[in-house]
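1. Based on what follows, work out the 3D shape:
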Amino acid sequence: MSRRAGERELTAKAIVLGIALSVMLSAANAYLGLFAGMTVSASIPAAVISMGLLTALTRARVFRGHSIRENNLVQTAASAGESLAAGAIFTFPALIMLGSWHRFSYLETTLIAALGGVLGVLFTIPLRRALVRPGGLTFPEGVATAEVLRTGERGDTRGLLLMTAGALVAGSMKFLGGALAVFPEVAERAWRVGHSGLAYVGSNLSPALLSVGYIVRLNIAVLVFGGGALSWFVAIPIWYAMYGSPDPGLTQPADIAWNIWTTKIRYLGVGAMAVGGLWALISIRESLVEAVVGGLRASGPPGEGDAPPEIDETERDVPMRVVLAGVAACVLPIAGVYVFATGRFAVAVPMALVMIVAGFLFAAVAAYMAGLVGSSNNPISGVTIATVLFTSLVLVAIMGTDAGIEGAAAAILVAAVVCCAAAISGDTMQDFKAGQLVGATPWKQQVMELVGVVAAAIVVAPVLNVLLEAYGFGPKTELMPNALQAPQATLMASVARGVFDQNLPWGMIAIGAGLAVALISADLELERRGSEFRMPVLAVAVGIYLPFELSVPILAGGLISKLALRVSDGQEAAAHRGLLLASGLITGEALVGIGMAIPIAASGDREFFRELVAAPSLGPVPGVILLLGVAGWLLWTASRRSRANGLA
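-> Predicted coordinates for the structure are as follows:
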């Protein structure tokens, strides 16, 4: 896209608005990730919100005007906040579950999140020219974000109205179900079959999860559901038939099923995720080396490198000497945090070395995978689990198995930096693609990525503390009936502690690893045959360790996306409308979830809203009906043809 002379880009209002949206979307995505175990790229909702706010403020004569590149920089900062939240919630809650932390230490949490995110941005700068190029990787969210920005430039406000409507509907459902308990948020049932059988069915009544399935499409949704079905329809019944309940004190079938999944079956996911993360690295090794070498050759100070002078501004990155100095500046304080956390300099140094090597490798993997499958499908949790396993084994060799919780917590601290860096790198590459399509200046985007990271890092600890006090993390208990599942963090804590306690169920992990190898072989055969259906192992692994009730609406969303595509004959306008509505549903539910948490945490009363409003409890039927209504709305929106094709 050509640049117009004098067009505004890096302005004060873009910085202020970018910071505000970064904080808001990081809080919303923290809730969604802890609740569902999955996060969705916020670039699209950030672009829509930015477009709407800048347009409204311009019409109110607060500003003289705005440009598409200002909008792009605002969404760049905002989406960085969302991605940093993903890295944080996958790891930091594990420290609570281990008992190493009882609250989220503000200084340590902020430093690790901020520096991990900054490293993620810096690591991707040498890769930009090699990965973000015409005819290369697709970067689906980056392309979609650019289209949203172009829509805003044309003055189309229908997308913003559609997204707002979705947010209001999903937010209202979350408030009715989660705050007032008019209907339960999960419709589930378990029962015994004969003397030794156990069966379970259930579905979460969440519009956000329905939207996640719509965005990731049917292929991924089927695989996530398949992993859940494998756990809950096959593995749990087999375990129960062979060994009975792990806890003899449990009598209710649903409680028994949850206990078997929590203590035994989820380790199938550990093995599958570890192998899947390793395979992701192996499968892109040639492209990764090419990208790193090409990026290092091309990147340099302004005015240097291989960019022609006439397009210098659209190819200018932050200078490489600044990048290298920034990496060095980040490593030193992170090493200081490790020294403070462990009290052992001899342990902190290897931790820092593992962090920097794993951080760069996995940030590069995440950047490439974001271009291949999109940020929403990026295997961040897979590479983080691999980091936890490797770091734990290294620390066992240094500290010994008697280090226990101290060693496990040290491994999580390393993984937290790597996870934040990997999450940010995938998001950064999507933003670079969007910027390329709208003619943005790369170094200005890189500055805004850093602004968004720092803004989000400042609020990560308070948001996590609010959610901890209001809901709790981990499996649901009598004391925490509405606990956020935090499946990845639970998994990280179990893996790290299991390595040091030497009680990790290696048999289950080996079975999961073997399953991953079989899935990889099947996927390679599908690729050889040219099949459109693929079997990425990490999607199945996600389903294995997610509660089954979360997989059901995800599958429904994937089915809606497939059906809508057929009904609309693949019309791009219909698909775009569906994407905007899905983004609104996710944003609304997540924002209400964090909003509900604030008064609960402030009052210390988990029944705050129920005591304030005496609403009737009507059972799951109203929730099921509302979710079906939302599903129908999403299907109609995503399949309705435009008037240009003869239909309304």
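2. from here on, contacts and neighbour counts on C-alpha atoms
-> Will do.
3. Just checking, which helix or strand of the chain averages the lowest pLDDT?
-> Every helix and strand in the chain was compared by mean pLDDT, DSSP states H and E; the lowest is helix 285-298, with a mean of 62.
4. Pull the residues that contact the helix or strand that it is followed by.
-> Later in the chain than helix 285-298, the nearest helix or strand by DSSP states H and E is helix 320-342. With contact meaning CA atoms under 8 Å, 6 or more residues apart in numbering, helix 320-342 is reached by 108, 111-112, 115, 118-119, 122-123, 125-126, 299-301, 345, 347-349, 351-352, 356, 406, 410, 413.
5. pLDDT of whatever helix or strand comes next after helix 320-342, averaged?
-> Sequence-wise, the next helix or strand downstream of helix 320-342 (DSSP H and E) is helix 345-373. What helix 345-373 shows for mean pLDDT is 81.
6. what does stretch 499-510 give?
-> The average pLDDT within stretch 499-510 is 84.
7. buried sites along it?
-> If you call a residue buried by 16 or more other CA atoms under 10 Å, then stretch 499-510 has these buried ones: 499-500, 504-506, 508-510.
8. Would you format those as a markdown table with secondary structure and distance to A615 included?
-> Compiled in a markdown table, the buried residues of stretch 499-510 are given as follows (DSSP: H, G, I helix; E, B strand; the rest coil; distance: CA to CA, whole Å):
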| residue | secondary structure | distance to A615 |
| --- | --- | --- |
| V499 | helix | 47 |
| F500 | helix | 48 |
| L504 | coil | 45 |
| P505 | coil | 45 |
| W506 | helix | 48 |
| M508 | helix | 45 |
| I509 | helix | 46 |
| A510 | helix | 49 |
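9. what's the closest of those residues to V216?
-> I509 (26.9 Å; CA to CA).
10. shouldn't that closest one be in contact with G269?
-> Yes - I509 is in contact with G269 according to CA atoms under 8 Å; the separation is 7.4 Å.
11. what touches both of the two?
-> By CA under 8 Å, 6+ apart, no residue touches both I509 and G269.
12. Could you grab the helix/strand/coil label for V201?
-> Each residue gets one of three states, and V201 gets strand by DSSP: H, G, I helix; E, B strand; the rest coil.
13. So it sits against G228, correct?
-> No - at 11.0 Å, V201 does not count as touching G228 under the criterion of CA under 8 Å.
14. List the contacts of M351.
-> M351 sits next to 335, 338, 391, 410-411, 414 when contact means CA under 8 Å, 6+ apart.
15. from the chain's centre, how far out does stretch 600-614 sit?
-> When distances are taken as CA atoms, centre = their mean, to the nearest Å, stretch 600-614 is centred 29 Å away from the chain's centroid.
16. Oops, could you answer that again for stretch 505-525 instead?
-> Distance of stretch 505-525 from the chain centroid (CA atoms, centre = their mean) equals 24 Å.
17. tell me which residues of it are tucked away?
-> 505-506, 508-517, 519-520, 522-523.
18. Among those, which one lies nearest to L437?
-> Nearest to L437 out of the buried residues of stretch 505-525 is D523 (CA to CA; 32.2 Å).
19. Only C-alpha atoms, please: export the strand or helix carrying the closest one in PDB.
-> D523 is part of helix 506-529, with elements assigned from DSSP H and E. In PDB, the C-alpha atoms belonging to helix 506-529 read as follows (Å, rounded to 0.1, in the frame of the first residue of the first chain):
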ATOM      1  CA  TRP A 506       6.200 -41.700  33.100                       C
ATOM      2  CA  GLY A 507       4.000 -44.600  31.800                       C
ATOM      3  CA  MET A 508       1.200 -42.200  31.000                       C
ATOM      4  CA  ILE A 509       3.600 -39.700  29.600                       C
ATOM      5  CA  ALA A 510       5.100 -42.400  27.400                       C
ATOM      6  CA  ILE A 511       1.700 -43.400  26.100                       C
ATOM      7  CA  GLY A 512       1.000 -39.800  25.300                       C
ATOM      8  CA  ALA A 513       4.300 -39.500  23.500                       C
ATOM      9  CA  GLY A 514       3.600 -42.700  21.500                       C
ATOM     10  CA  LEU A 515       0.200 -41.300  20.600                       C
ATOM     11  CA  ALA A 516       1.900 -38.100  19.400                       C
ATOM     12  CA  VAL A 517       4.300 -40.100  17.200                       C
ATOM     13  CA  ALA A 518       1.300 -41.900  15.700                       C
ATOM     14  CA  LEU A 519      -0.500 -38.600  15.000                       C
ATOM     15  CA  ILE A 520       2.600 -37.200  13.400                       C
ATOM     16  CA  SER A 521       3.000 -40.200  11.200                       C
ATOM     17  CA  ALA A 522      -0.700 -39.900  10.200                       C
ATOM     18  CA  ASP A 523      -0.300 -36.200   9.400                       C
ATOM     19  CA  LEU A 524       2.700 -36.800   7.300                       C
ATOM     20  CA  GLU A 525       0.700 -39.500   5.300                       C
ATOM     21  CA  LEU A 526      -2.200 -37.000   4.900                       C
ATOM     22  CA  GLU A 527       0.300 -34.400   3.600                       C
ATOM     23  CA  ARG A 528       1.800 -36.900   1.200                       C
ATOM     24  CA  ARG A 529      -1.600 -37.600  -0.200                       C
END
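20. Many thanks, have a good one.
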